[in-house]
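Undergrad: sequence first, then the predicted structure:
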Amino acid sequence: AQSVTQPDIHITVSEGASLELRCNYSYGATPYLFWYVQSPGQGLQLLLKYFSGDTLVQGIKGFEAEFKRSQSSFNLRKPSVHWSDAAEYFCAVGSTDSWGKLQFGAGTQVVVTP
Amino acid sequence: SQTIHQWPATLVQPVGSPLSLECTVEGTSNPNLYWYRQAAGRGLQLLFYSVGIGQISSEVPQNLSASRPQDRQFILSSKKLLLSDSGFYLCAWSARGLPGNTIYFGEGSWLTVV
């Protein structure tokens, strides 16, 4: 069965510190991987996506993610967080045989402290 | 550029009342359209998707329904709301054609059933 796991429900990080959010997936077909961010009461904004090619993907707002097929992971990173990065982050997976129906993880809530 | 609008942004409805959430996409044609629901503290669940006018597929059994009367219009409805229908509803679209196309989300609609 297809699944997406975000092991960390909640992460607290100090402003200026680095951030890493974990995402693991289980997918039979070739996966397409996404990270979205959701600010309170708002829709989801795409941060970055991986389809093929270079496994290190750069996104908006200084985020990057690395696809590791051997570990079935697509972890999101940012070297130095800003207070405005406080939000909920969702990993999502699609595949060639699901043409647009994404499977979402449960999300990771990020709190940024001064 | 493409934009997606959904309304109303918030609504409070009594149990047993009807529901209609509307979504329109501008700046593209023949999009795939989706309705997702996000319950409090949980991830996103795909409710319906559509590949064309009048073509609706349901992902989960429920008392909600969806319709696509026009190419870029997607409507989520219920004849009689349940308390469990409360949540954050997100309309989304993706371009037709390539699998794994990015899904773009609207700003969401908060529904509270009382």
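TA: Good, I have the coordinates.
Undergrad: B:Gln62: what's it in contact with?
TA: Contact partners of B:Gln62, counting by CB atoms under 8 Å, 6 or more residues apart in numbering or on different chains, are B:Leu47, B:Asp85. C-beta coordinates here come from the backbone N, C-alpha and C atoms, glycine included.
Undergrad: up against chain B, what does chain A have?
TA: Proximity of chain A to chain B (CB under 8 Å from any CB of the partner chain) is limited to residues A:32, A:34, A:36, A:41-46, A:49, A:51, A:90, A:92, A:94-102, A:104-107.
Undergrad: of those residues, buried ones?
TA: A:32, A:34, A:36, A:43-44, A:46, A:49, A:51, A:90, A:92, A:94-95, A:98-102, A:104-107 (16 or more other CB atoms under 10 Å in any protein chain shown).
Undergrad: the spatially most central residue of chain B: what secondary structure?
TA: The C-alpha lying nearest the average C-alpha coordinate of chain B belongs to B:Trp35 (CA atoms, centre = their mean; 2.8 Å). Using DSSP: H, G, I helix; E, B strand; the rest coil, the secondary structure recorded for B:Trp35 is strand.
Undergrad: and for B:Arg68, the neighbour number?
TA: Around B:Arg68 there are 20 other residues, counting by other CB atoms under 10 Å in any protein chain shown.
Undergrad: now do it against A:Arg22, distance only.
TA: When distances are taken as CB to CB, to the nearest Å, B:Arg68 and A:Arg22 turn out to be 37 Å apart.
Undergrad: ditto for B:Tyr36
TA: Spatial separation of B:Tyr36 from A:Arg22 under the definition CB to CB is 23 Å.
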